[in-house]
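Colleague: predicted model and sequence follow; I will ask about them next.
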Amino acid sequence: MVSKLSMSFRSINDMPEEPAVGDCVKLYNDALSQLSASLLEIETEKKKGGNWLTKHVVGDVKTWISAAMTDGETCSDGIEEMGTVVGNEIKKEMEEVNQMMSISLAIVSQMKKLLMIHH
C-alpha cells in the first residue's frame, strides 16, 4: 500500500501547479509518513522478538491509517473542486490507494476487536 501511495504521489507531483495539486502533494506526503510509521512500528516490535500484535501497536496502526485516509479525502475534495482533466487524472490515481487504505483499516479494526476479546 505504501509503495502504491508513493507511486501515486509521484504522479500527482508531475501534474501542473495548481493550489489543489500543491495541497495534495503535502497531504499525500503526510499520509505516506503516517503509513511508513505504521510499518516501522510493526517491524520494530517484530525485531524485539516478542508479540508484535498487541492492542497498542494495532491501535497506533489504526490511528495512522485513519489519518492517512483523512488526508486522502481532503485531497479528493480539493481536486473535485478543480473540475479539470488534470483533476480527473489525479482522482483516478487516488481511488485505488484510497480503496486499499479503506480495506486495510477494516482489517486492522477487526484485529483490534479480536485482541480486545481475547486479551
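Modeller: Alright, I've got the coordinates.

Colleague: alpha carbons only for contacts and neighbour counts from here, please
Modeller: Noted.

Colleague: can you pull out the helices in this protein?
Modeller: 2-13, 19-47, 55-82, 85-118 (DSSP state H).

Colleague: TSV for those helices, including mean neighbour count?
Modeller: Below are those laid out as TSV (neighbours: other Cα atoms under 10 Å):
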stretch	mean neighbour count
helix 2-13	17
helix 19-47	18
helix 55-82	19
helix 85-118	16
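
Colleague: could the ones you listed go into JSON lines alongside mean pLDDT?
Modeller: As requested, the helices of the chain are exported to JSON lines (pLDDT from 0 to 100):
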{"stretch": "helix 2-13", "mean pLDDT": "56"}
{"stretch": "helix 19-47", "mean pLDDT": "83"}
{"stretch": "helix 55-82", "mean pLDDT": "84"}
{"stretch": "helix 85-118", "mean pLDDT": "81"}
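
Colleague: can you dump the C-alpha atoms of stretch 30-44 in CSV for me?
Modeller: Taking Å, rounded to 0.1, in the frame of the first residue of the first chain, the C-alpha atoms of stretch 30-44 are listed here in CSV:
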residue,chain,number,x,y,z
ASP,A,30,1.9,13.3,5.2
ALA,A,31,-0.2,10.2,4.6
LEU,A,32,2.9,8.4,3.3
SER,A,33,4.8,9.3,6.5
GLN,A,34,1.9,8.0,8.6
LEU,A,35,1.7,4.7,6.8
SER,A,36,5.5,4.3,6.9
ALA,A,37,5.4,4.9,10.7
SER,A,38,2.9,2.1,10.9
LEU,A,39,5.2,-0.3,9.1
LEU,A,40,8.2,0.9,11.1
GLU,A,41,6.4,0.2,14.4
ILE,A,42,5.4,-3.3,13.4
GLU,A,43,8.9,-4.0,12.2
THR,A,44,10.4,-2.7,15.4
